[in-house]
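Undergrad: fold the stuff below for me.
(one chain, ligands or ions: 1)
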Amino acid sequence: MKIIMLGAPGAGKGTQAKLIAKKYAIPHISTGDIFRENIKNGTDLGKLAKGYMDRGELVPDEVVVKLVVDRIKADDCADGFILDGFPRTIPQAESLTEALAREKMVLDYAIDVEVPDEVIIKRISGRRACTQCAAIYHVDFQPPKREGICDTDGSELVLRNDDKPETVLKRLNVYHAQTQPLIDYYKKEEILFAVDGTRSTDDVFSEIEEHLGD
Ligand code: AMP
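TA: Okay, here's the model as predicted:
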């Protein structure tokens with residue numbers, strides 16, 4: 001099963017992508033997580049991506065396209081994958097379609113998690129990320145057992161640079177200008193499935209499961 005997740009930053013697409021990956025036993029490929037891992041490890045890719053990310057801008061298409069196209073050729077993607085945070089622009093979507101066509105593959109589903117901007121802003125400002133394992137918490141909706149400390153590895157939880165209020169507004173503008181057009185792109189491809197992402201994680205996942213089947 002080959003799936004992409006669409007939706008604004010903070011819509012909950014990462015959470016849903018992880019649940020889908022687990023249920024259908026396919027790799028979860030998050031470009032944001034790949035960039036953050038590279039930043040943590042001080043790689044050239046991390047150094048390149050950091051400035052764009054901290055400003056709430058997109059990393060250039062050619063960088064991210066190469067990364068994803070190489071990744072989906074790996075053996076563990078032969079039976080499918082779920083892409084989370086890619087594509088984010090029409091050129092990225094076109095490159096993905098072409099790369100899959102070269103391997104005689106097509107996407108099965110594009111899942112759009114819909115959440116209004118004002119809900120997104122509320123969600124992201126309360127979000128806290130583990131500095132070590134990247135686990136995500138929320139001060140109100142999903143607090144850690146001990147304030148400011150990751151349940152999994154005891155590391156410090158922080159507000160990510162790109163989750164700061166002024167950067168969130170920028171990311172939402174970038175989303176509306178560059179990523180939202182993908183909804184029409186995948187509607188035309190007849191693989192779009194939209195879910196109301198303002199509900200609980202479990203409710204959203206149930207609807208997705210129903211659509212994807214067993
Ligand atoms: P995310 O965690 O998916 O919200 O991604 C965090 C940041 O990584 C984004 O704000 C971008 O700067 C960068 N990024 C992730 N995926 C992409 C992509 N497909 N194209 C360009 N930049 C990306």
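
Undergrad: now do the SS call for the residue lying farthest from the centre of the chain.
TA: No residue in the chain sits farther from the centre than residue 146, which is 26.6 Å out by C-alpha atoms, centre = their mean. At residue 146, secondary structure determined by DSSP: H, G, I helix; E, B strand; the rest coil is coil.

Undergrad: whichever residue of the chain sits closest to the ligand in helix, strand or coil?
TA: Per C-beta to the nearest ligand atom, the residue of the chain with the smallest distance to the ligand is residue 32, at 2.2 Å. Any C-beta I mention is one placed from the backbone N, CA and C, and that applies to glycine too. The three-state assignment at residue 32 reads helix, by three-state DSSP.

Undergrad: for it, which non-adjacent residue is closest in space?
TA: residue 85 (4.7 Å; C-beta to C-beta, 6 or more residues apart in numbering).

Undergrad: which ones are touching the one you found?
TA: 5, 13-14, 30-32 (C-beta atoms under 8 Å, 6 or more residues apart in numbering).

Undergrad: likewise residue 53?
TA: 32, 35-36, 39, 59, 161-162.

Undergrad: show me the contacts for residue 65.
TA: Applying C-beta under 8 Å, 6+ apart to residue 65 gives the contacts 91-92, 95-96, 99.

Undergrad: what do you get for residue 19?
TA: Per C-beta under 8 Å, 6+ apart, neighbours of residue 19: 201, 205, 208.

Undergrad: which ones among those residues are found in helices?
TA: Filtering the contacts of residue 19 for membership in helices, criterion DSSP state H, returns 201, 205, 208.

Undergrad: counting neighbours, which of the residues you listed comes out on top?
TA: Ranked by the number of neighbours (other C-beta atoms under 10 Å), the ones in helices among the contacts of residue 19 place residue 208 first, at 21 neighbours.

Undergrad: check what pLDDT that residue gets.
TA: We have a pLDDT of 97 for residue 208.

Undergrad: surely it meets residue 16?
TA: Yes. Taking contacts as C-beta atoms under 8 Å, residue 208 lies within contact range of residue 16: 6.2 Å.

Undergrad: which residues are common contacts for these two?
TA: Contacts common to residue 208 and residue 16, judged by C-beta under 8 Å, 6+ apart, are residue 111.

Undergrad: so can I have TSV of the contacts of residue 53 showing pLDDT, neighbour count and secondary structure?
TA: What follows is these, written out as TSV (pLDDT from 0 to 100; neighbours: other C-beta atoms under 10 Å; DSSP: H, G, I helix; E, B strand; the rest coil):
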residue	pLDDT	neighbour count	secondary structure
32	94	19	helix
35	95	23	helix
36	91	19	helix
39	93	17	helix
59	97	19	coil
161	86	12	helix
162	85	21	helix
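
Undergrad: alright, that wraps it up for me.
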